[in-house]
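Peer 1: Structure, please.
(4 chains)
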Number of protein chains: 2
Amino acid sequence: MSRPPLAREAVLDAFTRILVDEGERAATVDATARSAGVSKGGLLYHFNSKSALEAALVERLEKLAREDVEEIERSTEGAVAAHIRSSQNTGSALDVTILAVSRLAQNGNDAATASLRRVRELWEESLRGHTRDETALQIVLLVSDGLYFNAVLDLNAVPSPRVEGADLDKLIAAVVAATT
Amino acid sequence: MSRPPLAREAVLDAFTRILVDEGERAATVDATARSAGVSKGGLLYHFNSKSALEAALVERLEKLAREDVEEIERSTEGAVAAHIRSSQNTGSALDVTILAVSRLAQNGNDAATASLRRVRELWEESLRGHTRDETALQIVLLVSDGLYFNAVLDLNAVPSPRVEGADLDKLIAAVVAATT
DNA sequence: GTCTATAAAAAGATAGAC
DNA sequence: GTCTATCTTTTTATAGAC
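Peer 2: Numbering: from 1, shown residues only, chains lettered A, B, ... in the order given. Have a look, this model is predicted:
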């Protein structure tokens, strides 16, 4: 077992950050390399092309998503509550990666779209049996999607209405009451 | 009162379509002009620059949103139900415009972000008083946002799980029951 | 592995004919 | 009003030095 290639990870981190903070158009090879502290040539040694860079980010998402589901299933709070809470944790590695990959998906990257869909199915499977019926399951997933959607807006210049603190607890309690 | 400038509207329609179907990066001045059946020079006669084109689309969103709220308030189905149903109607002019503007917002266009926020506030205001409390109001808005979020994925190559038909009616009934 | 330099294509914008 | 032609800058990618 060797140490992970640090330059590669730094480039993926920078790519993610620019995608989320400034959008897909700003996430050029040049800007990503500069932000990661390497040259364009250096970046293209690790990732042969722009699409290879994108594909590597999608792979990272799949890995993080599997870990997230495992953690929710170990949670003592209850799967529904843990899932909603996890959806609002916009700082986590999984969340920024989802946002970054959704930027790729929205620019026609089909692998990114398919991956986001798989992540949602992972969640759906892990929640099934924890809600009173299928409709309730869909409500939980939609509230979770809604939290993400607003996180997307929030990460732009204008802040969006975040649900947090006591309000988040109330929201979770209401969703749990309505769906389990 | 003169007739609306048809070429201008055709260009905005084409710009919207490309933004939604292929993403912001594909929505170049050149591609938009071609899709609208005019030349690049012709497009830039009506819109002095790319940002002017974007600004015009944001203006169109504001107009459509005001009309949507007025319609929901006239609805006999109840404001919550009418709003959720309206959120799933991904074919409407308002919906594609929201998706198009959200592509702009996600690429750093602050006016687009602010406009999406205003639209959400318009909805929030029009629903206030129609739910049992503030938490319930947030759930309605989040479910609605979640439906949009999935519509975004759905409009890419890979289809996402749409809630429709009888399932949509069940979802609406459950949300109404949980929030009003 | 990482760099600089450069090629090749695509982007936004302008000029001027019609 | 709408077009073609052209300019400038940016973007992806390659070549080759270190």
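Peer 1: C-alpha from now on. contacts and neighbour counts both.
Peer 2: Will do.
Peer 1: can you pull the pLDDT of the residue most central in space within chain A?
Peer 2: Nearest to the mean C-alpha position of chain A, by CA atoms, centre = their mean, lies A:Ile98 at 2.1 Å. Per-residue confidence (pLDDT) for A:Ile98: 92.
Peer 1: Give me the distance between it and A:Leu142.
Peer 2: A:Ile98 sits 16 Å away from A:Leu142, taking CA to CA, to the nearest Å as the criterion.
Peer 1: still on that earlier bit, to which secondary structure element is the residue nearest to the centre of chain A assigned?
Peer 2: helix A:93-105 (DSSP states H and E).
Peer 1: Restricting to C-alpha, output that helix in CSV.
Peer 2: Taking Å, rounded to 0.1, in the frame of the first residue of the first chain, the C-alpha atoms of helix A:93-105 are listed here in CSV:
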residue,chain,number,x,y,z
ALA,A,93,-16.6,16.5,1.7
LEU,A,94,-19.6,14.5,0.4
ASP,A,95,-21.8,17.6,0.1
VAL,A,96,-19.3,19.8,-1.8
THR,A,97,-18.6,16.9,-4.1
ILE,A,98,-22.3,16.4,-4.8
LEU,A,99,-22.6,20.1,-5.6
ALA,A,100,-19.5,20.0,-7.8
VAL,A,101,-20.7,16.9,-9.7
SER,A,102,-24.1,18.4,-10.1
ARG,A,103,-22.4,21.3,-11.9
LEU,A,104,-20.9,18.8,-14.3
ALA,A,105,-24.2,17.1,-14.7
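Peer 1: Check which residues of the strand or helix carrying A:Leu116 are buried.
Peer 2: Using DSSP H and E, A:Leu116 sits in helix A:110-127. Buried residues in helix A:110-127, counted by 16 or more other CA atoms under 10 Å in any protein chain shown: A:Ala111, A:Ala112, A:Thr113, A:Ala114, A:Ser115, A:Leu116, A:Arg117, A:Val119, A:Arg120, A:Trp123, A:Ser126, A:Leu127.
Peer 1: Give me the helices and strands touching the helix or strand just after that helix, please.
Peer 2: For helix A:110-127, the following helix or strand on the C-terminal side (DSSP H and E) is helix A:134-154. Contact partners of helix A:134-154 among helices and strands, from 3 or more CA pairs under 8 Å, 6 or more residues apart in numbering or on different chains; DSSP states H and E: helix A:79-88, helix A:110-127, helix A:165-179, helix B:134-154, helix B:165-179.
Peer 1: I'd like to know which of these lies nearest to A:Lys40.
Peer 2: For the helices and strands packed on helix A:134-154, proximity to A:Lys40 was assessed by CA to CA; helix A:110-127 is nearest, at 23.5 Å.
Peer 1: average pLDDT for the closest one?
Peer 2: For helix A:110-127, the mean pLDDT works out to 94.
Peer 1: Off-centre distance for it?
Peer 2: Centroid separation for helix A:110-127 versus its chain: 11 Å, with CA atoms, centre = their mean, to the nearest Å.
Peer 1: Helix A:79-88 and that helix, what's the angle between them?
Peer 2: Using axes from the mean of the first three to the mean of the last three CA atoms, to 10 degrees, the inter-axis angle of helix A:110-127 relative to helix A:79-88 is 150 degrees.
Peer 1: Now do helix A:110-127: which elements does it pack against?
Peer 2: Helix A:110-127 sits against helix A:50-74, helix A:79-88, helix A:93-105, helix A:134-154, with contacts defined as 3+ CA pairs under 8 Å, 6+ apart.
Peer 1: ok, and what's touching the shortest one?
Peer 2: So that's helix A:79-88. With CA atoms under 8 Å, 6 or more residues apart in numbering or on different chains as the contact definition, helix A:79-88 has outside contacts at A:72-73, A:75, A:95, A:126-127, A:130-131, A:140, A:143-145, A:147-148, A:151, A:163-164, A:168, A:172-173, A:176.
Peer 1: hmm, back to that, which of the buried residues of helix A:110-127 lies closest to B:Leu57?
Peer 2: A:Thr113 (25.5 Å).
Peer 1: How about that closest one, nearest residue that isn't a chain neighbour?
Peer 2: A:Ala105 (4.8 Å; CA to CA, 6 or more residues apart in numbering or on different chains).
Peer 1: doesn't A:Ala112 make contact with the one you found?
Peer 2: Yes - contact criterion CA atoms under 8 Å: A:Ala105 and A:Ala112 qualify, at 4.9 Å.
Peer 1: Identify each buried residue in the helix holding A:Ile98, please.
Peer 2: For helix A:93-105, burial by neighbour count (16+ other CA under 10 Å) applies to A:Leu94, A:Asp95, A:Val96, A:Thr97, A:Ile98, A:Leu99, A:Ala100, A:Val101, A:Ser102, A:Arg103, A:Leu104, A:Ala105.
Peer 1: Great, nothing more from me.
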